[in-house]
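Visitor: coords please:
(chains A and B)
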Amino acid sequence: MPKTNTYTFSFIALIILLIICFFMNISLGSVSIPNWAIFKSFFGTLEHESWSYIIQDYRLPKALAAILVGSGLGISGLLMQTLFRNPLAGPFVLGISSGASLGVALVILGAGIFGGVFASLLISKWSIVIAASLGSFLVLLAVLVVSSRVKDTMAILIIGLMFGSITAAVVSVLSYFSSAEQLQQYIFWGFGSLGNLSWSELLIFFIIYSFGICLSIISIKGLNTLLLGENYAKSLGLNIKQSRFIIIIATSLLAGTITAFAGPIAFIGLAIPHITRQVFNTSNHKILLPAVFLFGAIIMLICDIIAQVPASDYTLPINAITSLIGAPVVIWLLVRKRKMIF
Amino acid sequence: MSENKEHIILETENLNIGYKTKKKESVIASKINIQLQKGELIGLVGANGIGKSTLLRTLTNVQDALSGHVYINEKLLSIYSSEELAKSMSLVLTDPIASKNLSVFELVALGRHPYTNWVGNLTTEDINIVNQALVHTNIETLKHKKCFELSDGQLQKVLIARALAQDTDLIILDEPTTHLDMYHKAYILKLLQKLVKETGKTILFSSHEIDLAIQLCDKMIVMTPEKVVTDQPCNLISEGTFNTLFPKDLIVFDETTGSFRVKK
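Guide: Numbers count the residues shown, from 1 in each chain, chains lettered A, B, ... in the order given. Prediction:
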């Protein structure tokens, strides 16, 4: 097809940009490490042991996590926007992040109710990851059970939002009864974080993420057909219920693990597909899906660079940075083009 | 009629249509017996609320019949799988297209969905069929335009091209002439007539343009409160069927011109 070739240049440019951002992300941080040392550290340990440690066990996993988080959220946002035919949809419309928040809130804030030794046992890193996954899984399961009874896809959107409200309310009740330290801990989780992922955690993250990506790739044809609307898609022989199910599962695997490992990262999932559509003026998911992957990874890496505040000791919450950087970009794009492409 | 048996594309047998809830059945039209031959242009007319849409929804398997049977290519509609049906029947609906950011070529190419591989790649044969559909509907020049740039008339042609690209024996259109001006109403129906002649497909459309349908259709299905009649337009006129179409207080059918007039 001649149409695809016109995007080859953009893809090559994006891949180069991704590689540049990846190295910039690794080379910048509170400790300044020269570039040659970074290259060398990929192939073995340096004489400077602390440098090797910083790069191999902190910066490299963090940069990889940024790629997984950015691309995963972007793709799940794209899936939801097409499924719900709504430009406002994002990866969390089905209540995935609110479910995760509820799980984490129950562990951190609920720990006070159990009290004592049990509490300190509960609040380990893994228990938060497990609580977040369990929470988002249960909320998603509830949404799926209810939505299997409704025919209208739009009703699923409303049901997801309602579940979000319920969980938010439960979190409010829990916070009301919690101590200041517990609240602070909960709020810190809400800031999101790409760091503190060990290699083994990253591996589990990557395996589940890959499942989600595979399901998204399987859905490409169905997603394109859904661009005509559900009735046309049905008349073209698409099994709507099955495709809907696969799309929802793909989204929840991606958004669910990301929230579990990196916290509820706002905005990326909603904005990346829009930014991508401004550059790649197409609706074809065969082109959009890889493009969203690249854009998501690049923008997340940039946000992380900024959050590190290079050459300073501060690290800003990544969740705030994504919105601070992303929102003006989307506004600027829309004002410049004066048209929302969807 | 029996000698044409092998050319029957769509047939209904004592079809009763309507809506069923747990408590009761509301029948909208009953005892519908229709036979559509290969290479015919058929217009479906009737007053608002008489059940045209319900009939089309039943024929296209969107909704179940209350009783009776629908046969497509002499095979019972209810045993078609959705993929098989997509290769036998294509639709042009009144639904708005969800994403107007599709280009004309992309939209028409989506008609190839039942034939493409798992990721939807187009083979050269698919591309040829899509290009042919664009030629048949006179929209080659619009090929690279986006759908939001098109007028209603152009968009309707694109949707018809998409149905053509689906390469089915039967095309069903739900009110293809709404929102169009007089010229484009005639244009679209004339285009359908041309397609029937050139491609040998069977095309069924519902419409409120009774006078145009009388002039262009090979056969018409007229839905009146009493019954559903299928015949050639000239026979329907001489039998006075069109006079039973609407309440008689406002408009009358003029047999000499084949159109309705407002009562003085």
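Visitor: now residue 159: which helix or strand?
Guide: Since you didn't name a chain, this refers to chain A. Using DSSP states H and E, residue A:159 sits within helix A:153-176.
Visitor: meant chain B actually
Guide: Counting by DSSP H and E, the element that carries residue B:159 is helix B:152-165.
Visitor: show me what that helix is packed against.
Guide: Secondary-structure packing of helix B:152-165 (3 or more C-beta pairs under 8 Å, 6 or more residues apart in numbering or on different chains; DSSP states H and E): strand B:89-92, helix B:104-109, helix B:124-136, strand B:170-173, helix B:182-199. Bear in mind the C-beta positions are built from the backbone N, C-alpha and C, glycine included.
Visitor: turn the ones you listed into a markdown table, including distance to chain A.
Guide: Listed next are the helices and strands packed on helix B:152-165 as a markdown table, based on distance: least, C-beta to the nearest C-beta, whole Å:
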| stretch | distance to chain A |
| --- | --- |
| strand B:89-92 | 4 |
| helix B:104-109 | 6 |
| helix B:124-136 | 7 |
| strand B:170-173 | 9 |
| helix B:182-199 | 18 |
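Visitor: for these, give me CSV that also has mean pLDDT and mean neighbour count.
Guide: Conversion of the helices and strands packed on helix B:152-165 to CSV gives the following (pLDDT from 0 to 100; neighbours: other C-beta atoms under 10 Å in any protein chain shown):
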stretch, mean pLDDT, mean neighbour count
strand B:89-92, 95, 26
helix B:104-109, 95, 25
helix B:124-136, 95, 17
strand B:170-173, 96, 23
helix B:182-199, 95, 17
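Visitor: let's verify the closest residue to chain B within the stretch 1-150 of chain A: helix, strand, or coil?
Guide: Using C-beta to the nearest C-beta, residue A:85 is the residue of the stretch 1-150 of chain A that sits closest to chain B, at 4.6 Å. What DSSP: H, G, I helix; E, B strand; the rest coil gives for residue A:85 is coil.
Visitor: how about the helices of the stretch 101-250 of chain A, start to end?
Guide: Remark: helices assigned in the stretch 101-250 of chain A by DSSP state H, counting those that start in this stretch are A:111-114, A:116-122, A:125-147, A:153-176, A:180-191, A:199-218, A:220-226, A:230-235, A:240-262.
Visitor: what's the least confident stretch among those helices?
Guide: Lowest mean pLDDT within the helices of the stretch 101-250 of chain A: helix A:116-122, a mean of 53.
Visitor: just the residues of chain B that are near chain A, which are they?
Guide: Within chain B, the positions adjacent to chain A are B:60, B:62, B:82-87, B:89-91, B:93, B:95-99, B:101-103, B:105-107, B:110-111, B:113-114, B:116, B:118-120, B:122, B:127, B:166 by C-beta under 8 Å from any C-beta of the partner chain.
Visitor: report the buried members of those residues.
Guide: Using 16 or more other C-beta atoms under 10 Å in any protein chain shown as the burial test, the residues of chain B next to chain A include B:60, B:85-87, B:89-91, B:93, B:97-99, B:101-103, B:105-107, B:110-111, B:113-114, B:116, B:120, B:122, B:166 as buried.
Visitor: returning to what we had before: same list, the helices of the stretch 101-250 of chain A, but as JSON lines with distance to residue B:141 and mean neighbour count please.
Guide: Listed next are the helices of the stretch 101-250 of chain A as JSON lines, based on distance: least, C-beta to C-beta, whole Å; neighbours: other C-beta atoms under 10 Å in any protein chain shown:
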{"stretch": "helix A:111-114", "distance to residue B:141": "68", "mean neighbour count": "14"}
{"stretch": "helix A:116-122", "distance to residue B:141": "68", "mean neighbour count": "11"}
{"stretch": "helix A:125-147", "distance to residue B:141": "43", "mean neighbour count": "19"}
{"stretch": "helix A:153-176", "distance to residue B:141": "35", "mean neighbour count": "16"}
{"stretch": "helix A:180-191", "distance to residue B:141": "54", "mean neighbour count": "15"}
{"stretch": "helix A:199-218", "distance to residue B:141": "35", "mean neighbour count": "16"}
{"stretch": "helix A:220-226", "distance to residue B:141": "24", "mean neighbour count": "23"}
{"stretch": "helix A:230-235", "distance to residue B:141": "24", "mean neighbour count": "22"}
{"stretch": "helix A:240-262", "distance to residue B:141": "34", "mean neighbour count": "23"}
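Visitor: for residue A:174, give me its contacts.
Guide: Counting by C-beta atoms under 8 Å, 6 or more residues apart in numbering or on different chains, residue A:174 touches A:105-106, A:109-110.
Visitor: looking at these, state which has the most neighbours.
Guide: Highest neighbour count within the contacts of residue A:174, by other C-beta atoms under 10 Å in any protein chain shown: residue A:105, with 28 neighbours.
Visitor: thought that one was touching residue A:176?
Guide: No. Here residue A:105 lies out of contact with residue A:176, judged by C-beta atoms under 8 Å, at a distance of 11.5 Å.
Visitor: could you measure from the residue of the stretch 151-264 of chain B found nearest chain A over to residue B:90?
Guide: Relative to chain A, the nearest point of the stretch 151-264 of chain B is residue B:166 (7.2 Å; C-beta to the nearest C-beta). The gap separating residue B:166 from residue B:90 is 4 Å, by C-beta to C-beta, to the nearest Å.
Visitor: mutual contacts of the two, please.
Guide: residue B:111.
Visitor: picking up where we left off before, so which of the helices of the stretch 101-250 of chain A comes closest to residue B:47?
Guide: Judged by C-beta to C-beta, the one of the helices of the stretch 101-250 of chain A that comes nearest to residue B:47 is helix A:230-235, at 24.1 Å.
Visitor: export only the CA atoms of the helix holding residue A:159, formatted as CSV.
Guide: This file holds the C-alpha atoms of helix A:153-176, laid out as CSV (Å, rounded to 0.1, in the frame of the first residue of the first chain):
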residue,chain,number,x,y,z
THR,A,153,-21.1,-0.1,24.8
MET,A,154,-21.9,3.4,26.1
ALA,A,155,-23.6,1.8,29.2
ILE,A,156,-20.3,0.1,30.0
LEU,A,157,-18.6,3.6,30.1
ILE,A,158,-21.1,4.8,32.6
ILE,A,159,-20.9,1.7,34.7
GLY,A,160,-17.1,2.1,34.8
LEU,A,161,-17.5,5.7,36.0
MET,A,162,-20.0,4.7,38.6
PHE,A,163,-17.6,2.0,40.0
GLY,A,164,-15.0,4.7,40.1
SER,A,165,-17.2,6.9,42.2
ILE,A,166,-18.0,4.1,44.6
THR,A,167,-14.4,3.2,45.2
ALA,A,168,-13.4,6.9,45.6
ALA,A,169,-16.1,7.2,48.2
VAL,A,170,-14.8,4.2,50.1
VAL,A,171,-11.3,5.7,50.0
SER,A,172,-12.7,9.0,51.5
VAL,A,173,-14.3,7.1,54.3
LEU,A,174,-11.1,5.2,55.0
SER,A,175,-9.0,8.4,54.9
TYR,A,176,-11.4,10.0,57.4
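Visitor: what's the neighbour count on residue A:6?
Guide: Applying other C-beta under 10 Å, we find 13 other residues in the vicinity of residue A:6.
Visitor: and the one 10 residues further on, by the same measure?
Guide: Under the neighbour criterion other C-beta under 10 Å, residue A:16 is assigned a count of 10.
Visitor: who's in contact with it?
Guide: Per C-beta under 8 Å, 6+ apart, neighbours of residue A:16: none.
Visitor: and it, what element?
Guide: In this assignment (DSSP H and E), residue A:16 forms part of helix A:8-27.
Visitor: got CSV for the helices and strands packed on helix B:152-165, with distance to residue A:305 too?
Guide: Supplementary listing: the helices and strands packed on helix B:152-165 in CSV, determined by distance: least, C-beta to C-beta, whole Å:
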stretch, distance to residue A:305
strand B:89-92, 51
helix B:104-109, 37
helix B:124-136, 44
strand B:170-173, 55
helix B:182-199, 56
